[in-house]
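Undergrad: Have a look; sequence and predicted model below, questions after that.
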Amino acid sequence: MILWWDEGYQEPIYLVTQVAHTSQACAWYQKRFTIETFFSDQKSRGFHLHKSHIADPQHLARLMLAACLAYLWILYLGTMAMAQGWLGVLHRSDRCDVSLFQLGLLWRDFLLNEVEYVPVAFQLIDFEDK
């Protein structure tokens, strides 16, 4: 059991874990929010995979693989939208209340409605050559 009160927290966080080292358990806990974002993007705020009702593990694995590739593509679109300054057109100009994934979905919809072209780019990089 860990009682963690780090700078920036108004109250302590209580963790129950099987991880042997306190620092490692806290590091894993900090990643929790990015993992939860991914799951909500796959489910209720994005692809709605929870509505597929697929029971066969192989079929579900194929769906998840396709959804993960699509997720990377939508993140790519969100990154492009931010880099090219489209945030103010797609959302608010004074602050951003959407995730990179949601921004990618907004830009994809904008491009389909206004430009009729959506960039698709997947490139395999051999890191051993770099």
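TA: That came in fine, so what should we check first? Numbers count the residues shown, from 1 in each chain.

Undergrad: I figured residue 2 hits residue 14, correct?
TA: Yes: counting by CB atoms under 8 Å, residue 2 touches residue 14, with 7.3 Å between them. (C-beta placed from N, C-alpha, C; glycine too.)

Undergrad: more crowded one of the two?
TA: Here residue 2 and residue 14 are compared on neighbour count by other CB atoms under 10 Å; more neighbours surround residue 2, at 15 against 10.

Undergrad: what is that one paired to in the beta sheet?
TA: Residue 2 has these beta-bridge partners by DSSP bridges: residue 15.

Undergrad: can you point me to the longest helix in the protein?
TA: helix 57-83 (DSSP state H).

Undergrad: Give me the pLDDT for the residue nearest the centre of the chain.
TA: In the chain, the C-alpha nearest the mean C-alpha coordinate belongs to residue 38, at 4.1 Å (CA atoms, centre = their mean). Listed pLDDT for residue 38 reads 78.

Undergrad: that's a strand at it, yeah?
TA: No: under the criterion used here (DSSP: H, G, I helix; E, B strand; the rest coil), residue 38 is helix, not part of a strand.

Undergrad: That one touches residue 71, doesn't it?
TA: Yes: at 7.5 Å, residue 38 and residue 71 qualify as touching, with contact defined as CB under 8 Å.

Undergrad: Show me the domain layout of the protein.
TA: Split into domains by automatic domain parsing, the chain comes to 2-42, 53-127.

Undergrad: Now do the end-to-end distance for the first one.
TA: Right, the one you point to is domain 2-42. With CA to CA, to the nearest Å applied, domain 2-42 spans 31 Å between its terminal residues.
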